[in-house]
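**Student:** fold the following.
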Amino acid sequence: MLFFRKVGIRLATLLVLLIASAPLPLAAQSVVDLPAVAAPSSAAAQDFSFVTDGPLALGWGRPAELPRIYFHDALPALFTRTLGFNDELPAHSKLSWIFTGPQAGITIELTPNSLRVIQRYYDSYALSSSTIPSTTYPEKIEREDEINYQGSARELTVILDSHLAVQVLLNGKLLIQQTCLFDLSRHQLLLTAPRDQHAVFSGALLTPQVDEATVTVSPGEKHQTMLGFGGSPSIPAYAELSAEGKQRYWEILRAYNLLIDREYPMGARLKPDMSNLENLDDASPHYYGANFPNGEVSDFAYSAQTRAMGGSVIYEMWNLPEWATKSFTDSSGKVWPHAANPEVYANAVVTYCKLAKERTGAPPEIVGIQNEADEPQEIALEMVRTLRKELDFAGFSSVKIHMADASYLYGGVERAKQLQLDPDVWKAIDYAASHVYDFQQVMANPDLYDDLLEQMHAASEGKPYLSTEICVNDPRYQIPSYRVALAVGQLYHKNLTILDSVALLYCWLILDVEQPTFGASRSLLVPDRSHGDVPAESSYELRVLGSYSRHILKGMVRVGAASSNPDVLVSAFDDGKAGSTIVILNRSVNAQHVAIHWPERQWDQIERTSPYLANADSSADASHSRDVVVQPGEIVTLSTVATVALAGH
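**Tutor:** Take a look at the predicted model:
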């Protein structure tokens, strides 16, 4: 899988998207005038009060500190929280609103004339600082911004949104905005003030807003028929699992309906007779950082197990072995010293199909032309022609072909257009396909990707589309954060509803890693050596994908679904019988009370996904399934499709 590298992007629109994806800083100002606030914007959820000369907390480690106020609501993935103040902040005092999460936190410091926002990480011993010997735990300030204001501070608001940003408002006016990737779960208040004056500072945490939304399903509006979900296993990583670990692995794949095996077969080291096709020692290595190598190699026992569970196999080579290449000079005079040799390449694919049929009982259902590699246009067209001819000649006419998938969607658009220059070649293509790594250019503003998705949909000209690789490989976003996973969840929704994708395939299903942030973004599972070499979720990515994959089965048809709120993303699927599924992703910062209109449908299964819930069963609420509340950043799946239970999940 291609590391996200800087490439010459010819589409000027993507440059605009890259610029637009970063939160814009506020214009520099010496002092900001605050607007007046007449009354609290909502009712109080929890009151608080500080008395500057009142009793001290007398707690261990903080003997000279006023008692803190602890808010016991578990913060959703996205949120708006507002403090309303009854009094003026005392002179020479500072109110600290402290937000914490599993990796990092944000502290909002408010004085009578300034606002300061601090982001700090505390999840590594390496963050310790010898310059702050009083610190009792590792911590490092990653970012801080400060702005001065004048006026009466009456409402302080913090917004953690789906644009991977945090916004801080005073009296409803935005003062500071920062990029923020990590999750927050709890919050508290601390007032620091002189003890030699008597002052009372009180207020309330205000009740968060709940919005109303309506979802309307049009079952007569039919779109794509699903093939399913899956990804690529690193066979060397799978091989390291214990016997119990392998059993657990297949239980996870079945429970999450990840039954498309996009095989990453041996390429560069493959022998002409293909005798080393399954030899782990010959796996073409992927050197990911300081992790152990994960390589390209086949495992027919693995693909046979996939099929035994009702799954399917996609076979596609990446770097071709030297014996399957040739020197080629294209029509412009450019020399390609290692271009594909179409006839040798096609024979190699056919040989694999024969071996797969012999050892697993069936050839791959789909073969791809070539993963990510660029070929001269003449060669690219000839690879399709020759492969289709050789597959048919060998008796594999049922094996479908997907177009060579580019790393980026804009490249997929260009490749589809090139294939269409020869109608016979385009006719031989059964599936359009591409990776979508350029989505990371606009992860903070996913709607900016819609235009490119629509271009790819148009370029596919009605052929079913395979989204062949999805993951986060941009170093800016390699963090085990639910909010980053939720951004990828928006990509799943857009793939299904704009591209009409029939399959969503994660980059790696399992990857052998030592560096945790790498595994968290590249792979759904990683080997857990601390519990006997069993597979473990690498991050929140599995649960977010599972919100879709667990209840959207092969053969289901996506039907029309419209939401009254553009931040309530909805997709609906039906099997024409009794099976139906709706997935609702709330990317707003407010809870949504959603009324669902789908005639003659009642769901008996409800699953909720959030930072706290991994595809959690809440079917006890099924009697209210036409009227659900979806928390900010939550994904709710309503279905009549039975799922496989996962032990201990």
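
**Student:** flag the shaky bits of the chain, pLDDT-wise.
**Tutor:** Filtered on pLDDT under 70, the chain yields the residue ranges 1-29, 61, 129-135, 620-625, 646-649.

**Student:** just give me the longest strand of it.
**Tutor:** strand 210-225 (DSSP state E).

**Student:** what's that strand in contact with?
**Tutor:** Residues outside strand 210-225 that contact it (Cβ atoms under 8 Å, 6 or more residues apart in numbering): 464-465, 496, 500-502, 555-565, 568, 570, 572, 574, 582, 584, 588, 590-599, 601, 629. C-beta coordinates here come from the backbone N, C-alpha and C atoms, glycine included.

**Student:** so how far is stretch 336-354 from its chain's centroid?
**Tutor:** Relative to the centre of its chain, stretch 336-354 is centred 34 Å away, using Cα atoms, centre = their mean, to the nearest Å.

**Student:** what about the residue nearest to the spatial centre of the chain, which SS state?
**Tutor:** Among the residues of the chain, the one closest to the centroid is V488, at 2.5 Å (Cα atoms, centre = their mean). Under DSSP: H, G, I helix; E, B strand; the rest coil, V488 falls in the helix class.

**Student:** now for S202: which residues touch it?
**Tutor:** 47-50, 85-87.

**Student:** what about it, which helix or strand?
**Tutor:** Using DSSP states H and E, S202 maps to strand 200-206.

**Student:** the spatially closest residue to E454 that is not a sequence neighbour: neighbour count?
**Tutor:** Leaving out its chain neighbours, the residue that sits closest to E454 by Cβ to Cβ, 6 or more residues apart in numbering is I498, at 6.1 Å. Counted with other Cβ atoms under 10 Å, residues neighbouring I498 total 16.

**Student:** need the contact list for I498.
**Tutor:** Residues in contact with I498 (Cβ under 8 Å, 6+ apart) are 450, 453-454, 457.

**Student:** and of these, the nearest to E514?
**Tutor:** Nearest to E514 among the contacts of I498, counting by Cβ to Cβ, is L453 at 35.3 Å.

**Student:** part of a strand, is that closest one?
**Tutor:** No - using three-state DSSP, the secondary structure at L453 is helix, not a strand.

**Student:** pull out the buried residues from the strand holding S202.
**Tutor:** Within strand 200-206, the residues that qualify as buried are 201, 203-206, counting by 16 or more other Cβ atoms under 10 Å.

**Student:** for stretch 585-592, which outside residues touch it?
**Tutor:** 76, 78-80, 159-162, 208-213, 486, 489-490, 493, 547, 565, 567-570, 629-636.

**Student:** run the chain-centre distance for that stretch.
**Tutor:** 17 Å.

**Student:** over to stretch 41-61?
**Tutor:** Taking Cα atoms, centre = their mean, one finds the center of stretch 41-61 at 39 Å from the center of the full chain.

**Student:** if we can go back for a sec, was I right about the residue nearest to the centre of the chain contacting V472?
**Tutor:** Yes - if you go by Cβ atoms under 8 Å, V488 and V472 touch, sitting 6.5 Å apart.

**Student:** contacting residues for the closest residue to S312 other than its chain neighbours?
**Tutor:** Spatial nearest neighbour of S312, excluding adjacent residues (Cβ to Cβ, 6+ apart): E365 at 4.3 Å. By Cβ under 8 Å, 6+ apart, the contact list for E365 reads 312-314, 399-400.

**Student:** wait, is N495 part of a strand?
**Tutor:** No - with three-state DSSP as the criterion, N495 is helix rather than part of a strand.

**Student:** that one: neighbour count?
**Tutor:** By other Cβ under 10 Å, neighbour count at N495 equals 25.

**Student:** and the residue nearest to E454, how close does it get to Y465?
**Tutor:** Using Cβ to Cβ, to the nearest Å, we find I498 at a distance of 10 Å from Y465.

**Student:** next up, the contacts around the residue nearest to P285 when sequence neighbours are not counted.
**Tutor:** Setting aside the residues directly before and after it, P285 is nearest to P293 in space (Cβ to Cβ, 6+ apart), at 3.6 Å. By Cβ under 8 Å, 6+ apart, P293 lies in contact with 236, 283, 285-287, 512.

**Student:** show me where the chain has its helices.
**Tutor:** Chain-ordered helices for the chain, with DSSP state H as the definition, fall at 12-20, 235-239, 243-255, 300-308, 342-360, 377-393, 409-419, 423-428, 450-459, 482-497, 516-522, 541-549.

**Student:** what's the most buried one of those helices?
**Tutor:** helix 541-549 (a mean of 25; mean count of other Cβ atoms under 10 Å).

**Student:** does anything pack onto it? Which helices or strands?
**Tutor:** strand 228-233, helix 482-497, strand 501-510, strand 523-528, strand 580-586, strand 605-609, strand 635-639 (3 or more Cβ pairs under 8 Å, 6 or more residues apart in numbering; DSSP states H and E).

**Student:** next, the angle strand 228-233 makes with that helix.
**Tutor:** 150 degrees (axes from the mean of the first three to the mean of the last three Cα atoms, to 10 degrees).

**Student:** pull the distance from helix 541-549 to the chain's centre.
**Tutor:** 9 Å.

**Student:** contacting residues around it?
**Tutor:** Outside helix 541-549, the residues that reach it (Cβ under 8 Å, 6+ apart) are 228-229, 252, 256-258, 471-472, 482, 485-486, 488-489, 492, 496, 504, 506, 520-521, 524-525, 537, 571, 583, 585, 607, 609, 613-615, 635, 637.

**Student:** in this structure A165 contacts Q178, no?
**Tutor:** Yes - using Cβ under 8 Å, A165 is in contact with Q178, at 6.6 Å.

**Student:** the contacts of strand 210-225, buried ones only, as a PyMOL selection?
**Tutor:** In PyMOL syntax, the buried subset of these is picked out as below (16+ other Cβ under 10 Å):
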select buried, resi 464+465+496+500+501+502+556+558+559+561+563+565+568+570+572+574+582+584+588+590+591+592+594+596+598+601
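
**Student:** returning to what we had before: between the contacts of I498, which is nearest R120?
**Tutor:** D450 (35.2 Å).

**Student:** roughly how far does the residue of the chain positioned farthest from its centre sit from L241?
**Tutor:** For the chain, the residue at maximal distance from the C-alpha centroid (Cα atoms, centre = their mean) is D196, at 52.3 Å. The gap separating D196 from L241 is 65 Å, by Cβ to Cβ.

**Student:** correct me, but K554 touches G230?
**Tutor:** No - contact between K554 and G230 fails when scored by Cβ under 8 Å: they sit 10.6 Å apart.

**Student:** any common contacting residues for these two?
**Tutor:** Counting by Cβ under 8 Å, 6+ apart, the common neighbours of K554 and G230 are L259.

**Student:** tell me how far the residue nearest to P285 lies from D528.
**Tutor:** From P293 to D528 the distance is 19 Å (Cβ to Cβ).

**Student:** same check, this time on Y249
**Tutor:** In terms of Cβ to Cβ, Y249 sits 11 Å off from D528.

**Student:** check L164 too.
**Tutor:** Separation of L164 from D528 (Cβ to Cβ): 28 Å.

**Student:** and these two? which has more neighbours close in?
**Tutor:** Higher neighbour count among L164 and D528: L164, with 23 against 16, using other Cβ under 10 Å.

**Student:** look up the closest residue to the more buried one, ignoring the ones flanking it.
**Tutor:** Nearest residue to L164 in three dimensions, chain neighbours excluded: A444, at 4.7 Å (Cβ to Cβ, 6+ apart).

**Student:** what about the one you found, how many residues nearby?
**Tutor:** If you count neighbours by other Cβ under 10 Å, A444 ends up with 21.
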